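Engineer: could you look at this predicted model? Sequence included:
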Amino acid sequence: MNENTIVSKLTKIYEEYGYKKIKLSKFEDYNLYNNYKDFLQTEHILTFMNLNGNLQSLRPDVTLSIVKKVLKDNDKYTKKLFYIEDIYKIDEVSNEYEEIQQVGVEIIGTLSKYSNLEIISMAIDSLKAINKEYILEISSIDFMSALIDELNLDEDKKLETLKLIYSKNKHDLEKTLISNNIDDKLKSYIISLIDISGNYKEVLEKIKNIIINEKMQQAYDELKSLLGVFENYNNFENILLDFSIESKLGYYNGIIFKGYIKGNNDAVLSGGRYDKLLDKFNAHTQNKNKKNAIGFAVYMDKLYKKDTEKNEYDFDVLILYKSGDEKELLKKVHSFIREGKKVRTDIYTDEYNTEYNYKQKYIFDNNILI
């Protein structure tokens, strides 16, 4: 399935749910990204001076641009938006900037319990549209934070603890908890967050035993409410509950999730609830309108890695034109196309070499396909 087909399928899904497409500028004021570098988790922002002498950047992130636009409009209504936009990031292998297409959805405004169900449902539909063999991993920032708050650690120690959970580093996590004189019961609860992962229903049942405060209960109820989505799809074998899913600390809250497809080790979809990002935006702009937000993005570059592209055909038939009537050649091309095949024609040479992959090759010589 090619990129355009996937984008068309995703667009159809989001329009079916009543989301409206938003179009953004490729350029933003540099300060937008400079103020939220920890949200971006990158130091590499492609920056230039415009003709007015202002510092501008090519967009490395879509969510920040959407939040800025929605809050600037100061609209009291809830926005349900989807986008197909390019972002500009450093490629980890070549260490050069790449233009990457990203497709995603956002709800910004007043959220309800239904908002979570809808977003998760759309994430599942998106993964299924890409590959029917998929996995969706879900976690809760609030559940983890409410448990870690019981440790009475300073913020640096809390962040250190979270990072050790994300990396599943049980050895160092245990050392950290012991060095901070955490009692055995709380210590066992924290460490269990590394061990407890797997089938959503089964893990949900297990974590009932470590709920020790009201915030954890609220987070648990939020996770439990998602069962309605999975019952509707009857896809519990595709859904995992895993508290080691890493988030952009300080911005996300509530549920977070990542989606995977067969044959790809990287997450092709990720999202979650990010009320804290809006709170920080409002603090910067002195906007007093309280809004919530949840969304996800599909990373198109993760779907088309160079090592997998080699196994895909660019077209079905290659015809090399050597001699004969061009009208007859066109008839042959049309005949293949009517069969549903993709056809490329090129001039014949003795040393013809192509960078493309194809199923069949013909030489058109004296009006005959050889």
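Structural biologist: Yep, it's here.
Engineer: which other helices and strands contact the helix or strand containing V317?
Structural biologist: Assigning secondary structure by DSSP states H and E places V317 in strand 315-321. Judged by 3 or more CB pairs under 8 Å, 6 or more residues apart in numbering; DSSP states H and E, the packing partners of strand 315-321 are helix 326-338, strand 343-347, strand 358-365. No exception for glycine: its C-beta is placed from N, CA and C like everyone else's.
Engineer: count of neighbours near G295?
Structural biologist: Residues near G295, counting by other CB atoms under 10 Å, number 24.
Engineer: identify the residue spatially nearest to it, adjacent ones excluded.
Structural biologist: Leaving aside its sequence neighbours, G295 sits nearest to E106 (CB to CB, 6 or more residues apart in numbering; 3.6 Å).
Engineer: now do the buried residues in the helix or strand where that neighbour lies.
Structural biologist: E106 belongs to strand 97-109 when elements are defined using DSSP H and E. Along strand 97-109, these residues count as buried under the neighbour rule (16 or more other CB atoms under 10 Å): I100, Q101, Q102, V103, G104, V105, E106, I107, I108, G109.
Engineer: how about the very next helix or strand once past it as CSV, C-alpha atoms only?
Structural biologist: The helix or strand immediately downstream of strand 97-109 is helix 113-130, counting by DSSP H and E. C-alpha atoms of helix 113-130 as CSV (Å, rounded to 0.1, in the frame of the first residue of the first chain):
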residue,chain,number,x,y,z
LYS,A,113,-15.1,10.8,29.0
TYR,A,114,-16.4,10.1,25.5
SER,A,115,-13.4,12.1,24.1
ASN,A,116,-11.0,9.4,25.3
LEU,A,117,-13.2,6.6,23.7
GLU,A,118,-13.4,8.4,20.4
ILE,A,119,-9.7,9.1,20.1
ILE,A,120,-8.8,5.5,21.0
SER,A,121,-11.3,4.3,18.5
MET,A,122,-9.9,6.5,15.8
ALA,A,123,-6.4,5.3,16.7
ILE,A,124,-7.5,1.7,16.2
ASP,A,125,-9.2,2.5,12.9
SER,A,126,-6.0,4.3,11.8
LEU,A,127,-3.8,1.3,12.6
LYS,A,128,-6.2,-1.1,10.9
ALA,A,129,-6.2,1.0,7.8
ILE,A,130,-2.4,0.7,7.7
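Engineer: list the helices and strands helix 113-130 packs on?
Structural biologist: helix 3-16, strand 97-109, strand 134-140, helix 214-225, helix 227-233, strand 253-261, strand 269-273, strand 292-299.
Engineer: how is this protein partitioned into domains?
Structural biologist: 3-133+262-303, 315-369 (the TED database).
Engineer: most tightly surrounded among those?
Structural biologist: Comparing the domains of the chain by mean neighbour count (mean count of other CB atoms under 10 Å), domain 3-133+262-303 ranks first with a mean of 16.
Engineer: mind checking which helix or strand F143 is in?
Structural biologist: Per DSSP H and E, F143 falls inside helix 141-149.
Engineer: angle of that helix against strand 253-261?
Structural biologist: Per axes from the mean of the first three to the mean of the last three CA atoms, to 10 degrees, the angle that helix 141-149 makes with strand 253-261 is 120 degrees.
Engineer: output the contacting helices and strands for the next helix or strand after helix 141-149.
Structural biologist: Scanning forward in sequence from helix 141-149 by DSSP H and E, the next helix or strand is helix 155-166. Secondary-structure packing of helix 155-166 (3+ CB pairs under 8 Å, 6+ apart): helix 141-149, helix 170-179, helix 184-195.
Engineer: can you redo the ones you listed as a markdown table with distance to S323, mean neighbour count and mean pLDDT?
Structural biologist: As requested, these are arranged in a markdown table below (distance: least, CB to CB, whole Å; neighbours: other CB atoms under 10 Å; pLDDT from 0 to 100):
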| stretch | distance to S323 | mean neighbour count | mean pLDDT |
| --- | --- | --- | --- |
| helix 141-149 | 68 | 21 | 92 |
| helix 170-179 | 72 | 14 | 92 |
| helix 184-195 | 70 | 17 | 91 |
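Engineer: ok, and the closest non-adjacent residue to N34?
Structural biologist: Closest to N34 by CB to CB, 6+ apart is I45, at 7.7 Å.
Engineer: so what's the one you found up against?
Structural biologist: Residues in contact with I45 (CB atoms under 8 Å, 6 or more residues apart in numbering) are Y30, Y33, N34, S57, L58, P60.
Engineer: next: I319.
Structural biologist: L329, K332, V333, V343, R344, T345, D346, K361, Y362, I363, F364, L369.
Engineer: could you measure from the fourth one over to E326?
Structural biologist: In this case it means V343. Note on V343: its distance to E326, by CB to CB, to the nearest Å, is 15 Å.
Engineer: tell me the confidence at the residue nearest to G295?
Structural biologist: The per-residue pLDDT reported for E106 equals 97.
Engineer: ditto for N287
Structural biologist: 63.
Engineer: over to the one 5 residues further on?
Structural biologist: Reading off the per-residue confidence, N292 sits at a pLDDT of 93.
Engineer: so it makes contact with K113?
Structural biologist: No. Checked against CB atoms under 8 Å, the pair N292 and K113 is beyond contact range at 11.9 Å.
Engineer: got the CA coordinates for the host helix or strand of V70 in PDB?
Structural biologist: Element membership of V70 [criterion: DSSP H and E] is helix 63-73. Extracted as PDB, the C-alpha positions of helix 63-73 are listed here (Å, rounded to 0.1, in the frame of the first residue of the first chain):
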ATOM      1  CA  THR A  63       0.800  20.100  17.800                       C
ATOM      2  CA  LEU A  64       2.400  23.300  19.000                       C
ATOM      3  CA  SER A  65       1.300  25.100  15.900                       C
ATOM      4  CA  ILE A  66      -2.300  23.900  16.200                       C
ATOM      5  CA  VAL A  67      -2.400  24.800  19.900                       C
ATOM      6  CA  LYS A  68      -1.100  28.300  19.200                       C
ATOM      7  CA  LYS A  69      -3.600  28.800  16.400                       C
ATOM      8  CA  VAL A  70      -6.600  27.600  18.400                       C
ATOM      9  CA  LEU A  71      -5.800  29.500  21.500                       C
ATOM     10  CA  LYS A  72      -5.000  32.700  19.500                       C
ATOM     11  CA  ASP A  73      -8.500  32.400  17.900                       C
END
